[in-house]
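[1] please work out how this folds:
(one chain, ligands or ions: 3)
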Amino acid sequence: MSTIEYLKEAEDVSIGIEQDVTDAVHDILSEVNERGDDALHEYTERFDDVELEEFRVSETEIENATDELTDSEKETIDKTIENVRAFHTEQREHISGFEKEFEEGVRLGQRVVPVESVGTYVPGGRHPLVAAPAMSIVPATVAGVDRIVTCAPPQADGGIQPAQLYAMDRSGADEIYSIGGAQAIAAMAYGTESVPSVAKVTGPGNVFVTEAKRQVFGHVGIDFLAGPSEVLILTDETADVDLVATDLLAQAEHDPNSRPILVSTDRDIAEATIETFDEQATQLRTEDVARECWENNGEVLVAETMSDAVDVANEYAIEHLQVMIDEPRSIVDDLHNYGSLFLGDYSPVVFGDKAVGTNHSLPTLEVARYSSGITVNTYLKVLTHQEATEEGAARIAPWAAKICELEGTHAHQLSAEARLRDDISPKYGPGE
Ligand SMILES: NC(=O)c1ccc[n+]([C@@H]2O[C@H](COP(=O)([O-])OP(=O)(O)OC[C@H]3O[C@@H](n4cnc5c(N)ncnc54)[C@H](O)[C@@H]3O)[C@@H](O)[C@H]2O)c1
Ligand SMILES: N[C@H](CO)Cc1c[nH]c[nH+]1
Ligand SMILES: [Zn+2]
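    Ligands and ions are numbered 1, 2, ... in the order given. Got it, this is the predicted structure:
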């Protein structure tokens, strides 16, 4: 049993999505499915406050966005895309097919092939996230996906924010649409007059986007649920309180529904962080959202021992797990539920969010208990195959037939028995 004490506890500890969001999203999905572009126009006016003639972004708009950026801005974005490509290319090299003779005359194997078409959502409501296109689109290009469709919400002028649009194009999107929220997920899942349907929808977003992905799952594939950002920082008595507070704020500013959590083995550090968080928040241009988030969802826990703290981290199965203790590597083997792990004072979440090359599209809502974040695997299928020679088949047929007999699957039994050969097949049948 872990011994922990809450200095600050979120009032509503439910990690689920509220029923009113579920209902609203259900309506949006049904309307887009039934009425296509007409519904997209209505929702874009209602939620994004713009009227659009075309959802598809033209080559000219992409060129204009590119012209609006300075060389240095473009180089910065290119560098992030390059880093994400390098990391995911390495990842691809560690996923392989194989074929092997498991029994004489029976070869079994697997091939790794890309999903044919994907739709990637790029968040852009509060902040048009500029590194986000690389995170969803680049791994799809590395996997070899044939058709990559991508959507981001329109800004006040009706277009996608220039730096974000540039990043979507440079990351390798084939088709870019200016559509946000649940309606974008619906369009990519069901297809409309303007937007093609795809086999799998991926990418993070707010609660509406996340719930929409949950509801379209089955009709199309999804990556996993990647909702409002979360961080759990684990500290001991050596932590630098200023850094801890800064890094909590960095996720709190994302969304009022974000979850910034501190678990410390040292009470003084925990109390000082609460004070410092408050002081630093006043300096932020994003203070309102960060405070609302901290007020509703911020948590501070004191754990008696490091082992208790590790148990708490595993129970939370948080999106970003930041370890700011004397020897961060000493507990790595004990940590097994997280989206991505950040070790030491010099590896803040923002590096993974924006720059180093690991993926920032990560599971939230305790989904890290069963899923990892976006990897090249997200866009691949592992397809198995088998080939037996006549002799190999004759060796397998008896026991396949026997299993069928036990089940009563008669046609299966006959299919197996059609491959028996008196000279090879071992004896089988009742009593043998
Ligand atoms: N888990 C991850 O990997 C990850 C990564 C990046 C970002 N994020 C999260 O993405 C989110 C981005 O959220 P955002 O809101 O800024 O952008 P967003 O693009 O996810 O959502 C904006 C859209 O939400 C829709 N919307 C807004 N209010 C609505 C309402 N009342 N009803 C129905 N639809 C509505 C609008 O259509 C709008 O276009 C944040 O929560 C952030 O934490 C998560
Ligand atoms: N922290 C987010 C993942 O939850 C990713 C991100 C992108 N830009 C800023 N943050
Ligand atoms: Zn972030």
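
[2] domains for this protein, by residue range?
    As given by automatic domain parsing, the domain ranges for the chain are 19-225, 228-372, 389-432.

[3] make JSON lines out of the ones you listed and add mean pLDDT, distance to residue 381 and mean neighbour count.
    All C-beta atoms are positioned from the backbone trio N, CA, C, and that covers glycine. Below are those laid out as JSON lines (pLDDT from 0 to 100; distance: least, C-beta to C-beta, whole Å; neighbours: other C-beta atoms under 10 Å):
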{"stretch": "domain 19-225", "mean pLDDT": "97", "distance to residue 381": "6", "mean neighbour count": "20"}
{"stretch": "domain 228-372", "mean pLDDT": "97", "distance to residue 381": "16", "mean neighbour count": "20"}
{"stretch": "domain 389-432", "mean pLDDT": "89", "distance to residue 381": "26", "mean neighbour count": "14"}
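
[4] quick one: contacts for the residue of the stretch 51-200 of the chain found nearest ligand 2?
    Ligand 2 sits closest to residue 129 of the stretch 51-200 of the chain, with a gap of 4.4 Å, by C-beta to the nearest ligand atom. Residues in contact with residue 129, defined by C-beta atoms under 8 Å, 6 or more residues apart in numbering, are 122-123, 164.

[5] what parts of the stretch 301-432 of the chain come near ligand 1?
    319, 360-362, 364 (C-beta under 6 Å from any ligand atom).

[6] give me that answer again for 8 Å
    Contacts of the stretch 301-432 of the chain with ligand 1, taken as C-beta under 8 Å from any ligand atom, map to 319, 339, 353, 360-364, 373-374.

[7] in these, find the pair that's most separated.
    Pairwise distances across these (C-beta to C-beta) peak at 15.0 Å, for the pair 353 and 363.

[8] hmm, back to that, can you narrow the residues of the stretch 301-432 of the chain next to ligand 1 down to the ones near ligand 2?
    319, 339, 353, 360-362, 364.

[9] let's have the residues you listed in JSON lines, adding distance to residue 105.
    Output for these, formatted as JSON lines (distance: C-beta to C-beta, whole Å):
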{"residue": "319", "distance to residue 105": "49"}
{"residue": "339", "distance to residue 105": "45"}
{"residue": "353", "distance to residue 105": "53"}
{"residue": "360", "distance to residue 105": "48"}
{"residue": "361", "distance to residue 105": "45"}
{"residue": "362", "distance to residue 105": "46"}
{"residue": "364", "distance to residue 105": "49"}
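
[10] in JSON lines, list those along with secondary structure.
    Listed next are these as JSON lines, based on DSSP: H, G, I helix; E, B strand; the rest coil:
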{"residue": "319", "secondary structure": "strand"}
{"residue": "339", "secondary structure": "strand"}
{"residue": "353", "secondary structure": "helix"}
{"residue": "360", "secondary structure": "coil"}
{"residue": "361", "secondary structure": "coil"}
{"residue": "362", "secondary structure": "coil"}
{"residue": "364", "secondary structure": "coil"}
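
[11] chain neighbours aside, what residue packs nearest to residue 354?
    residue 131 (4.6 Å; C-beta to C-beta, 6 or more residues apart in numbering).

[12] ah, wrong one, I meant residue 337
    Spatial nearest neighbour of residue 337, excluding adjacent residues (C-beta to C-beta, 6+ apart): residue 317 at 3.7 Å.

[13] since that was my last question, I'll sign off now.
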